[in-house]
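Enquirer: No sequence on hand, only this structure:
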Ligand code: NOJ
């Protein structure tokens, strides 16, 4: 069922409902991208004579005070001698180099606030840098081992980061740096012809060798039926960034492409266009394309067997990135952005883990999510009434499918006025929500950023009164565009006056007589969709670039940050509903660097095809590289009616994603898992139960990423940075540091898969316990529809909770099983992290964080196997500084009854003689024909230290 309003929109707006390449620009349709690529082409035509016109004034004071973090100096451009630029080169803590360049005393100001929104704070300066001036270069030596060196060449300007004397990152090495200065139309008249003594004389433009001879799309630009007026004229920014000695680059999400990014230029180019970062609502996007999608994180890792480095190019405007893997090794990239200052961070590595820490140091990590939000989410556009929600919940319970969250899409809202319930279909929203919450479940409700322009809509009315709506190009009044409610306006979240207003809306009690969402509960999660922003009748289905935001900035300057601000404020609003605050859940479609701090993302409107299922995994991996680990794709595909086989496989993809939600378009058939025929229904039930049994693994992985920034889904290059054969692999991944390795099947009719193993180690089949040793670095596993290629790496201990429950909060007191997968030396380690899953009590030490270990001693005599294994549990929180930590803290006490009910030891080799609790009882155990030792109910508590000793001889 769909509402009449939606039906009307569907009829009126076919362009918004199917991918049409003509809806989105290619580089050749974007003036500044054309100019940037043409610059690169000119450089390539005359490589020997090409040189950058930019040079800097020697920063002389460094010679006087060499112990400085950096310097500021003037930049000159030989093609525009009268234009002034300024350059900052600073070395921060963690060895992060920041390079900033701006126009000085220009006609206008370039947008310089992108980093401010992305960063968690102003990074601290390094206190350990020694500069020297050496002829035409400034050199900084730094780092704990003094192995890092930054060299700034004065003329032409070039910046090179070295480690151990080897080039890691080079800025402007190819001479493509170009900051188009602000000018008047008058000043920029073409110079080609001057009239003299009755004849026209060709005057050579002295900048033409560099800038080209045409003023391509300087002052306006038309795309389809839209004209961008570009009142500020050309202001684009081009920068080449080269990674010599690094053969792979990763990151710059979001694109539907391989994790190891392919070339977009040069002889081996896979795509003809550069990768584009320009948040866009792309329905039915292609499954292999460099076109931009909903989010943009301008962070790129470069990797080789002995080095990882990264660049974070803090720009918020439309950006195109050409990539070329070059023959001599290394990757050349070229970044072309429409506006903004140059503000590049070089992250020195040297390992992927270091780069993640360095990026987290700048932009923060994903906070620990509410525990329920890592359970299974059931969504569809739309559950049409309160009774529909209740009915779906009943069916889940009747059929014994675990689920934590039910979602409401836009049709709950009368006339798509978010917060306002359609009382015909949802007469009792609070009761409905409480019915869901009664069994520990939660609801997530959508709140989009477009506001219906109706004076009886209190949210719009108040925003309008406050003057916090985005303005049209005139800078006056309210921008009006078209979205789900019809005629709409958008809150300008850059406007500080919008912040308290937005936060006040989510209060579930009326405060100071202001309208707020009293028909909601404090537990409801919020779904922020369409925040690119999506504007159905706008250029490229978004806002005109000449719209005006707070501070007079044009939309073009801030476009890629816009969606992050919406999620940021929604996160704050949801958090502020209670005092003390509780962990909110916000899902966002648009994102930028730093968005990890405000919740989860999903990969938007994918199709129910095998290709989309496969690329969804790569996209989630890429988001992890971009610092945003809480990610997933619509299970089942948003569009289409997946056949049961595909749906089952897709549930596996979801169950092994950090964010696990099934969702479907309004035109699709209902596909809640209980509607499946057998055997598919039972298969999906088993997959859901598997996810729930593994929630301890996921939550523990979330804890780790919230501290380290290392992603939850770890591709081969992150796990085995020195193993070149793994650098291109993006269809299998490890989960946190648990030791679980999974390769979801994403093709039809598959019966077997081969998993790549980078090490000579034993890996155990999760389900059969079979011990595999890799043959030619591969392990082949059966992968029929009822089988999941899931391995435990030898050396790991996996904590699970295996009682089937209806929702995750019901598992709070369930006992644990530990799978102890011994490595080839008979050892293993693992951990489990628990807290109340809702509050910020963990910051005050209200946690249980246990480390598990298994240590073997050899048997006596030559060639003997394991003689004794000691399996133990220790307190990990005690060794870290989690507030004033007390092992018997309030949370620990609340789970004091939780037992470890089973230990499964893999890889023991032979039947033990005895199994005893250290210093005490004999335990009951069984040694199976597959060589697995199952220790039954050792009757130990998860909060306690304990040890079990397995004696084999
Ligand atoms: C677009 C979103 O991507 C999709 O998930 C949602 O169902 C529709 N908007 C309707 O809200």
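Expert: Ah, there it is. Since the structure is predicted, the reported quantities are computational estimates derived from the model, not experimental observations. Numbers count the residues shown, from 1 in each chain.
Enquirer: Need the three-state assignment for residue 654.
Expert: Secondary structure state of residue 654, per DSSP: H, G, I helix; E, B strand; the rest coil, is helix.
Enquirer: can you pull the pLDDT of residue 198?
Expert: Looking at residue 198, its pLDDT is 60.
Enquirer: Just say helix, strand or coil for whichever residue of the stretch 151-300 of the chain sits closest to the ligand.
Expert: Nearest to the ligand, among the residues of the stretch 151-300 of the chain, is residue 281, at 7.2 Å (CB to the nearest ligand atom). All C-beta spots, glycine's among them, are computed from the backbone N, C-alpha and C. Three-state call for residue 281 (three-state DSSP): coil.
Enquirer: now do the one 3 residues further on
Expert: Taking three-state DSSP as the rule, one finds residue 284 in the coil state.
Enquirer: Could you report the separation of the residue lying closest to it once chain neighbours are set aside from residue 459?
Expert: Using CB to CB, 6 or more residues apart in numbering and skipping the chain neighbours, the partner closest in space to residue 284 is residue 19 (4.0 Å). Distance, residue 19 to residue 459, using CB to CB, to the nearest Å: 31 Å.
Enquirer: Over to residue 939?
Expert: 56 Å.
Enquirer: Between the two, which is the more surrounded one?
Expert: The residue with more neighbours, out of residue 939 and residue 459, is residue 459; 22 against 13, by other CB atoms under 10 Å.
Enquirer: Give me the phi and psi for that one.
Expert: The phi/psi pair for residue 459 (degrees, to the nearest 10) reads phi -70, psi -50.
Enquirer: Over to residue 103?
Expert: Residue 103 adopts backbone torsions of phi -80, psi 140, taken as degrees, to the nearest 10.
Enquirer: List the contacts of it.
Expert: Counting by CB atoms under 8 Å, 6 or more residues apart in numbering, residue 103 touches 83-86, 110, 179, 181-182.
Enquirer: next SSE after the helix or strand of the chain with the lowest mean pLDDT?
Expert: Across the helices and strands of the chain, mean confidence by mean pLDDT, DSSP states H and E is lowest for helix 4-12: a mean of 43. Tracing the chain C-terminally past helix 4-12 and defining elements by DSSP states H and E, one meets helix 31-45 next.
Enquirer: Mind checking the pLDDT average for whichever helix or strand comes after that next one?
Expert: Reading on from helix 31-45 to the C-terminus, the next helix or strand found by DSSP H and E is strand 54-56. Across strand 54-56, pLDDT averages out at 97.
Enquirer: Sheet partners, orientation included, of strand 54-56?
Expert: Sheet pairing for strand 54-56, assigned by DSSP bridges, gives strand 70-77 (antiparallel).
Enquirer: Quick one: mean pLDDT over the partner strand.
Expert: For strand 70-77, the per-residue pLDDT averages 95.
Enquirer: again, but for stretch 585-600
Expert: Mean per-residue pLDDT for stretch 585-600: 98.
Enquirer: before we move on, what about stretch 497-513?
Expert: Stretch 497-513 shows a mean pLDDT of 96 in the predicted model.
Enquirer: end to end, how far does it reach?
Expert: The straight-line separation of the ends of stretch 497-513 (CA to CA, to the nearest Å) is 18 Å.
Enquirer: Equivalent analysis for stretch 771-779, please.
Expert: Counting by CA to CA, you get 10 Å between the two ends of stretch 771-779.
Enquirer: buried set for it?
Expert: In terms of neighbour count (16 or more other CB atoms under 10 Å), stretch 771-779 has its buried residues at 771-772, 774, 779.
Enquirer: With respect to the ligand, which of these is nearest?
Expert: Ranked by distance to the ligand (CB to the nearest ligand atom), the buried residues of stretch 771-779 are led by residue 779 at 36.9 Å.
Enquirer: ok, the closest one touching residue 761?
Expert: No - using CB atoms under 8 Å, residue 779 is not in contact with residue 761; the gap is 10.4 Å.
Enquirer: hmm, back to that, could you dump the buried residues of stretch 771-779 into CSV with distance to the ligand and secondary structure added?
Expert: Converted to CSV, the buried residues of stretch 771-779 look like this (distance: CB to the nearest ligand atom, whole Å; DSSP: H, G, I helix; E, B strand; the rest coil):
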residue, distance to the ligand, secondary structure
771, 43, strand
772, 40, strand
774, 40, coil
779, 37, strand
